Every structure is written in C-alpha cells, then in structure tokens.
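# For reference, the sequence and a predicted model appear below.
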Amino acid sequence: MTNGEALGNKLYELRKKSGLSQEALADKLGVSRQAVSKWECGESLPDTDNLITISKLFEISLDELVGNSFGKTEENLEGKSAPLAGAKDAFETSETTESTEQIISDAAIIVDDAEVPKPKRRMIFKLLYGLPYPILTTIAFLLWGFLANGWAVSWTLFLTVPIYYSIIGCLEEKKFSPFAYPVFVTFAYLFIGMQWGLWHPYWILFITIPIYGAVASELDRE
C-alpha cells in the first residue's frame, strides 16, 4: 500500500464515521468533491493547510492523521513532494507521538475494515469519474441536432450530466440522497413533453420530488 492509499483509507474511515459525504466534506474544507475523491483514492495528497483543517475537523492530531501513512524517518520522506514535506514538519512538532507497534496496529485495522473500498472498487469509480461524459453528451447533442434536426429536444441531454455524476455518488456512498432526482424529473418532463407533446398529465412527476427526498432520507438513516 502506498503512502497516498494509506492516507486515503484513513480519511475515508474518518469521513464515514462522521457520517459525511464526499461533497459535504469538500464544502467544509473549501475544496471540490473531486479533490476529496482523489485523496481517498490515493491519486493525490492534501497540502499542509488541508491536513491541518482535516485534523481539526475530525478532532485528531496531525500525528494520528498522517502517522499511519508516512514513516517518521528521513528515508521515508526523501524525494516526496512539498505537501508531504509539510505534513512531516507538522506531525513532527505535534505533542502526540505513537509507537511503531501502534502504527502497525492501526494500519492493520484500516486494512481489515470491511468498509474501506477495495482497490478494484476504487478503480471502477476512478474510471466512472474519468469518463468524459459531458463531452459525450455534447457529441450526442450535435449528432442528434445535425442528423435528425432535433435541436428543439436534444439540448435536454445536458441535464443528464448532473444525473450521471449523482448516480456515481449514490453507488460510491451507498446512499439514495445524492441522486439528483429533481434534475431527473425535470429532464423526463421536458423530454416527454418536447418529444411527444405529453405535457399533461406528466407534470405530476414534480409531486414525487418531496416524496423521493423523504423516502431517501429514511433509507439512508438505516
């Protein structure tokens, strides 16, 4: 396991225990949800300021946050980027220290934790987020418009972009609330209405929005 993956697992574990979604954590840190996702997948590392903010948010020391991810010797930190060097300086000055045995024990708990995403699962989400869906949508919009003169309807395809990413969020968080259901209803209503002229009675779809919100919230609490 690389340093980035170890820190990503720790961040994932803290976020899950706090009941925060990636988007909610990103809002608290003032970063994008994609940044949090990359941290948890081990693709990138938080800078020093974000490490400090994360430790304060979860009420743990910097040593506890990064101690399981980085060794405490110069050999482990040679050749690392500036964020890692900043993390080293931060946790070396921390009042809390952990023994090597404790670090190994904590790391074992994280690895054995069933809730920690498996490498294969992380790779799947990495591929899904990396799919250029907005570009594919634009291509579909242009093809539909030029080949079938469907300009009046094809623009509704752009509404599927937030729907696509919200579906990934639902699968990743294993929750129903992240789904962009209001956008989905709007897309369905406009598409059906413009394509087949069935504006009535399909406006009733909008009534299902608060129903979905209430049901999703209850299911997510279980």
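All right, it came through fine. Numbering: from 1, shown residues only.
# CA atoms for contacts and neighbours, from now on please.
OK.
# So what's the residue count around the closest residue to W151 other than its chain neighbours?
The shortest distance from W151 to any non-neighbouring residue, by CA to CA, 6 or more residues apart in numbering, is to G145 (4.6 Å). Neighbours of G145 under the rule other CA atoms under 10 Å: 16.
# Tell me if I'm right that N9 and E40 touch.
Yes - the pair N9 / E40 is scored as a contact, 6.2 Å apart, by CA atoms under 8 Å.
# before we move on, back to that, now name the helix or strand holding the residue nearest to W151.
helix 133-148 (DSSP states H and E).
# Check which helices and strands that helix sits against.
helix 151-154, helix 160-173 (3 or more CA pairs under 8 Å, 6 or more residues apart in numbering; DSSP states H and E).
# So for P210, which of those helices sits nearest?
Shortest distance between P210 and the helices and strands packed on helix 133-148, using CA to CA, is found for helix 160-173: 17.2 Å.
# Identify the residues contacting that closest one?
21, 125, 128-129, 133-134, 137, 176-181, 183-184, 187 (CA atoms under 8 Å, 6 or more residues apart in numbering).
# Now for this protein, the helix or strand with the poorest mean pLDDT.
helix 74-77 (a mean of 41; mean pLDDT, DSSP states H and E).
# before we move on, what SS does Y129 have?
Put simply, Y129 is helix when judged by DSSP: H, G, I helix; E, B strand; the rest coil.
# and it, how many neighbours?
16.
# ok, now W196?
When neighbours are counted by other CA under 10 Å, W196 comes out with 9.
# Understood, closing this out.
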